[in-house]
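S.K.: Mind looking at a prediction? Sequence and model below.
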Amino acid sequence: MSKKRVAVIFGGQSSEHEVSRVSAQSVIENIDKQKYDVVMIGITKEGQWLTYEGETDKIGSGEWQAIAQQKLLAQKEMSTSSSTLEIVPNNSAKKIICDNNNKIDVVFPVLHGCNGEDGTIQGLFELAQIPYVGCGVLGSALGMDKAYTKIMFEKEGLPQGDYLVFSRKQIYNEQEDVVRKVEERLTYPCFVKPSNAGSSVGVNKAGNREELINALIIAAKNDRRVLVEEFIDGREIECAVLGNDNPIASTVGEVVPCKEFYDYEAKYQAGDSSKVTIPAENLDSETVEKIREYAVRAFKCLDCAGLSRVDFFVHKKTGQIYINEINTLPGFTKISMYPKLWEKSGISYPELIDKLIELAFERFNDCEREFTN
């Protein structure tokens with residue numbers, strides 16, 4: 001059986017560019033090379049698409065970019081043939097994914113944040129008519145937009161905390177009214193976050209009016225819509241979901257952040273200071289099963305596919321479960337919860353990658369349409 005060609009795409013124009021690189025390095029290092037040929041494609045922060053053929057460890061460090069750009073420049077100077085796989089933003093969708101001679105069989109987008117897990121690049125893959133790992137356009141877009149995620153969870157009847165949504169213009173032009181509404185509805189402390197962002201980028205906890213105004217301005221710089229949520233004094237519990245129409249849930253894990261809450265620094269820059277416990281300790285079986293049930297329901301109500309990680313709060317005093325958010329392209333770094341949760345559930349990292357690629361083909365075939373006159 002001939003090997004499948006998998007394009008692993010990483011980087012991207014988002015605040016999570018660095019995290020994406022580290023995730024991609026882990027995926028490439030763990031993919032079954034007996035089964036798959038890997039084509040590495042990086043997107044710079046400026047939006048340039050580049051193929052990369054160097055050492056894998058240069059991806060996480062960021063050194064890959066200079067190497068790829070230098071090679072591209074040398075190719076141009078030598079006037080190489082048009083069959084060279086050169087990827088630039090203004091090419092057609094099909095040429096972005098494949099060259100004239102070597103078609104890519106499936107894409108594994110290891111892209112976090114805007115322009116990576118929000119449905120935009122998924123739309124590109126749809127236009128190119130090529131299978132890809134992860135959620136489709138709709139599920140990706142809904143999962144990325146926290147405000148619409150909450151609307152969908154509400155329709156599904158999933159328990160969640162109270163919240164308010166404001167536009168950037170409201171925050172800049174009607175600041176007093178925005179603050180008043182927050183204080184009347186949610187009080188302090190509360191959390192402020194961009195509606196479209198990941199890895200807790202732009203998220204802040206506000207304990208008073210001054211902190212609220214500052215948090216609103218920071219969040220508004222990251223997105224045109226801002227979410228303000230009530231504070232829930234809860235344990236941070238996470239559950240991984242895998243599958244398409246009949247998804248399964250992993251065991252659950254707990255994150256004990258090294259900081260006041262699990263922000264970007266606590267996730268990716270604090271080393272081993274943040275504690276991860278899998279499975280979560282001191283949770284009764286009924287609570288665990290309810291979380292797993294909610295995770296699958298959340299996955300299905302957004303029409304997700306392939307993978308997602310669903311995050312919850314379990315109130316420290318009452319034990320009440322609150323769904324927090326869904327991550328349709330969760331981190332794949334060596335410290336990321338998604339692969340760790342499945343490892344504890346009996347699926348190794350290489351097996352997980354293989355299953356996700358199989359699910360990509362399954363979803364692609366299931367989405368085929370027959371057009372009639």
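M.R.: It's in.
S.K.: tell me the secondary structure for residue 6?
M.R.: Three-state call for residue 6 (DSSP: H, G, I helix; E, B strand; the rest coil): strand.
S.K.: swap in residue 113?
M.R.: coil.
S.K.: And for residue 249?
M.R.: strand.
S.K.: swap in residue 33?
M.R.: The assignment at residue 33 comes out as coil when based on three-state DSSP.
S.K.: Burial check on residue 244, number of neighbours?
M.R.: 16 (other CB atoms under 10 Å). To be clear about C-beta, it is placed using only N, CA and C from the backbone, and glycine gets the same treatment.
S.K.: now swap in the one 4 residues further on and tell me
M.R.: As a burial measure, residue 248 scores 15 neighbours (other CB under 10 Å).
S.K.: ok, now which ones touch the residue most central in space within the chain?
M.R.: The centroid of the chain falls nearest to residue 329 when counting by CA atoms, centre = their mean (3.0 Å). Applying CB atoms under 8 Å, 6 or more residues apart in numbering, we find residue 329 in contact with 109, 110, 111, 112, 116, 117, 134, 135, 140, 307.
S.K.: Please apply the same query to residue 71.
M.R.: residue 53.
S.K.: what about it, distance to residue 192?
M.R.: 44 Å (CB to CB, to the nearest Å).
S.K.: Residue 2 too?
M.R.: Look at residue 2 and residue 192: by CB to CB, they are 51 Å apart.
S.K.: Next: residue 3.
M.R.: According to CB to CB, residue 3 stands 48 Å off from residue 192.
S.K.: Who has more neighbours out of these two?
M.R.: More crowded of residue 3 and residue 192, by other CB under 10 Å: residue 192, with 27 against 13.
S.K.: So which of the contacts of residue 329 belong to strands?
M.R.: In strands, defined here by DSSP state E, the members of the contacts of residue 329 are 109, 110, 307.
S.K.: Just grab the bridge partners of the last one for me.
M.R.: This means residue 307. Applying DSSP bridges to residue 307 gives these bridge partners: residue 242.
S.K.: Nearest to residue 125 among the contacts of residue 329?
M.R.: Set against residue 125, the nearest of those by CB to CB is residue 109 (7.7 Å).
S.K.: pretty sure that closest one contacts residue 9?
M.R.: Yes. Assessed by CB atoms under 8 Å, residue 109 is found in contact with residue 9 at 4.8 Å.
S.K.: could you list every residue that touches residue 316?
M.R.: Residue 316 makes contacts with 233, 234, 235, as judged by CB under 8 Å, 6+ apart.
S.K.: now do residue 208
M.R.: residue 188.
S.K.: quick one: it from residue 5, how far?
M.R.: Applying CB to CB, the value for residue 208 to residue 5 is 55 Å.
S.K.: any idea whether residue 296 is helix, strand or coil?
M.R.: What three-state DSSP gives for residue 296 is helix.
S.K.: That one is in contact with residue 246, isn't it?
M.R.: No. Counting by CB under 8 Å, residue 296 stays clear of residue 246, with 9.3 Å between them.
S.K.: Looking at the two, which one has more neighbours?
M.R.: residue 296 (19 against 7).
S.K.: Stretch 171-180 spans what distance, first to last residue?
M.R.: 12 Å (CA to CA, to the nearest Å).
S.K.: just for the chain, where's the confidence low?
M.R.: For the chain, the stretches with pLDDT under 70 are 1, 79-102, 198-199, 258-273, 371-373.
S.K.: Could you list the buried residues of the helix or strand encompassing residue 176?
M.R.: Secondary structure from DSSP states H and E places residue 176 in helix 175-185. Of the residues in helix 175-185, 178, 179, 182 count as buried by neighbour count, 16 or more other CB atoms under 10 Å.
S.K.: Just give the nearest non-adjacent residue to residue 367, would you?
M.R.: Once flanking residues are discounted, residue 367 sits nearest to residue 136: 7.4 Å by CB to CB, 6 or more residues apart in numbering.
S.K.: no, scratch that, I was asking about residue 207
M.R.: residue 189 (4.6 Å).
S.K.: For residue 24, see how far away the residue nearest to residue 367 is.
M.R.: For residue 136, the distance to residue 24 equals 21 Å [CB to CB].
S.K.: now do residue 251
M.R.: 26 Å.
S.K.: And those two? Which one has more around it.
M.R.: Neighbours of residue 251 and residue 24, each counted by other CB under 10 Å, are more numerous for residue 24; the result is 27 against 18.
S.K.: Identify the residue spatially nearest to the more buried one, adjacent ones excluded.
M.R.: Leaving aside its sequence neighbours, residue 24 is closest to residue 10 (3.3 Å, by CB to CB, 6+ apart).
S.K.: could you dump the helix or strand harbouring the one you found to PDB, C-alpha only?
M.R.: Element membership for residue 10, per DSSP H and E: strand 4-11. This file holds the C-alpha atoms of strand 4-11, laid out as PDB (Å, rounded to 0.1, in the frame of the first residue of the first chain):
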ATOM      1  CA  LYS A   4      -0.500   8.900   2.000                       C
ATOM      2  CA  ARG A   5       1.000  12.400   1.700                       C
ATOM      3  CA  VAL A   6       0.000  14.500   4.700                       C
ATOM      4  CA  ALA A   7       0.500  18.300   4.600                       C
ATOM      5  CA  VAL A   8       1.100  19.600   8.200                       C
ATOM      6  CA  ILE A   9       0.400  23.300   8.200                       C
ATOM      7  CA  PHE A  10       1.700  25.400  11.100                       C
ATOM      8  CA  GLY A  11       2.400  29.000  12.200                       C
END
